[in-house]
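Enquirer: just a sequence and a predicted model for now, questions to come.
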Amino acid sequence: MTLLSFLFAILTGFIIFGDRLFSQTEEEVFRKEIDAGKFRLRLECGNDGFFTGNLRIMDETGSSVFSADSFYTRYNSDTIVDLNNDGSKELILDLGTGATMYDYNMFLIFDFSAKPIQPLEVHNAEFSFSIAQPTKILSYSRLSPAVMGAGYIYSLKYEDGKLLLENNMDESDALKSLDSDGNDDLYLINEYANGFDECADDSQVSTYYQAYIMQQKILGQEEKGWSFFEKNYKCKNKKRVRNDLKKIIDETYAYINNPANYKFMAEKY
């Protein structure tokens, strides 16, 4: 997927979500019940604010096995899919998280074979389907400032009750689809330079380099990203910017590569 395709996906998600946001005004509370085998989910969310999500999961005896209150949500859809091809399907709730282009939805992933039931969450998420491989989940991260349109995409696979970051293009069709030659990124950099001083103290041009290098690191090709930087970044502060980018990219990668960061915790909202 090219960067321009990424921007189109972000804008499409924002438009679709915005339509849902402003169309659900007929009732004060939205309610949804979902049957998933021996379990039933009950989701409620108010239309007058985002911190109104309430979720309950009951087993076949009617006993509550999971609950979350007052979290940030809107209902978009629900899907049942076997994420790891083990014959047992997982339930995915697609929930809106706010009318912003930075964070517009999240998947809550429920594996009812796990005990206790603890959903996983992925923001700015969509499915990546493949005939030959298990279904993956793509997450789109857009960098600040949003008007620049810089961002990166990563792919997660579900194994052993965890979401794991994919990092080998030879084993992943999803990752292969994210590789690029950098031409789209260079176009945006040149457009920025046409309108602003790219070497000024308040220049934001490094955001484009951050996005490209981060994408290549995700693909297991970090040196390709740094080669792009060395070739195209011409300002005198090159060494400092390189060091700053290295720190940001390493910290970001460590975060998305940590399975613990995909555990859903309603209280953080």
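Expert: Perfect, thanks for sending it. The structure displayed is predicted, hence computed values, not measured ones.
Enquirer: where along the protein do the strands fall?
Expert: Assigned by DSSP state E, the chain shows strands spanning 29-36, 39-46, 53-58, 64-71, 74-81, 90-96, 105-110, 120-123, 125-128, 136-142, 151-159, 162-165.
Enquirer: report the helix or strand with the lowest average pLDDT across this protein.
Expert: helix 3-23 (a mean of 42; mean pLDDT, DSSP states H and E).
Enquirer: so can I have TSV of the strands of the chain showing distance to S206?
Expert: Backbone N, C-alpha and C define where each C-beta goes, glycine included. Shown next, in TSV, are those (distance: least, C-beta to C-beta, whole Å):
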stretch	distance to S206
strand 29-36	42
strand 39-46	39
strand 53-58	37
strand 64-71	34
strand 74-81	34
strand 90-96	31
strand 105-110	28
strand 120-123	24
strand 125-128	27
strand 136-142	16
strand 151-159	14
strand 162-165	24
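Enquirer: so which of these comes closest to E223?
Expert: strand 151-159 (16.5 Å; C-beta to C-beta).
Enquirer: in the closest one, what's buried?
Expert: Residues G151, Y152, I153, Y154, S155, L156, K157, Y158 are the ones in strand 151-159 that count as buried (16 or more other C-beta atoms under 10 Å).
Enquirer: could you export that strand as PDB, CA atoms only?
Expert: The C-alpha trace of strand 151-159 is given here as PDB (Å, rounded to 0.1, in the frame of the first residue of the first chain):
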ATOM      1  CA  GLY A 151       2.100   8.000   8.600                       C
ATOM      2  CA  TYR A 152       2.900   4.300   8.600                       C
ATOM      3  CA  ILE A 153       1.100   1.000   8.700                       C
ATOM      4  CA  TYR A 154       1.900  -2.200  10.600                       C
ATOM      5  CA  SER A 155       0.500  -5.700  10.500                       C
ATOM      6  CA  LEU A 156      -0.500  -7.800  13.500                       C
ATOM      7  CA  LYS A 157      -1.000 -11.600  13.700                       C
ATOM      8  CA  TYR A 158      -2.900 -13.400  16.400                       C
ATOM      9  CA  GLU A 159      -1.100 -16.300  18.000                       C
END
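Enquirer: so for that strand, mean pLDDT?
Expert: Averaged over strand 151-159, pLDDT sits at 96.
Enquirer: now for the residue most central in space within the chain: which residues touch it?
Expert: By C-alpha atoms, centre = their mean, the chain has its centre lying nearest to S139, at 2.7 Å. Shown in contact with S139 (C-beta atoms under 8 Å, 6 or more residues apart in numbering): V122, H123, N124, A125, I153, Y154, S155, L156, I256.
Enquirer: same check on D94?
Expert: N76, S77, D78, T79, N105, M106, F107, A125.
Enquirer: so what's it bridging to?
Expert: S77, F107 (DSSP bridges).
Enquirer: confidence score at it?
Expert: Predicted confidence (pLDDT) for D94: 94.
Enquirer: how much space between it and E251?
Expert: D94 sits 28 Å away from E251, taking C-beta to C-beta, to the nearest Å as the criterion.
Enquirer: kindly state the beta-bridge partners for the residue nearest to the centre of the chain.
Expert: Going by DSSP bridges, S139 forms beta bridges with A125, Y154.
Enquirer: contact partners for D173?
Expert: So D173 contacts S128, S130, A132, Q133 (C-beta under 8 Å, 6+ apart).
Enquirer: where does the stretch 1-150 of the chain have low pLDDT?
Expert: The model of the stretch 1-150 of the chain has pLDDT under 70 over residues 1-27, 47-51, 72, 99.
Enquirer: would you reformat the buried residues of strand 151-159 as TSV and include distance to Q210?
Expert: Shown next, in TSV, are the buried residues of strand 151-159 (distance: C-beta to C-beta, whole Å):
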residue	distance to Q210
G151	10
Y152	9
I153	14
Y154	14
S155	19
L156	21
K157	25
Y158	28
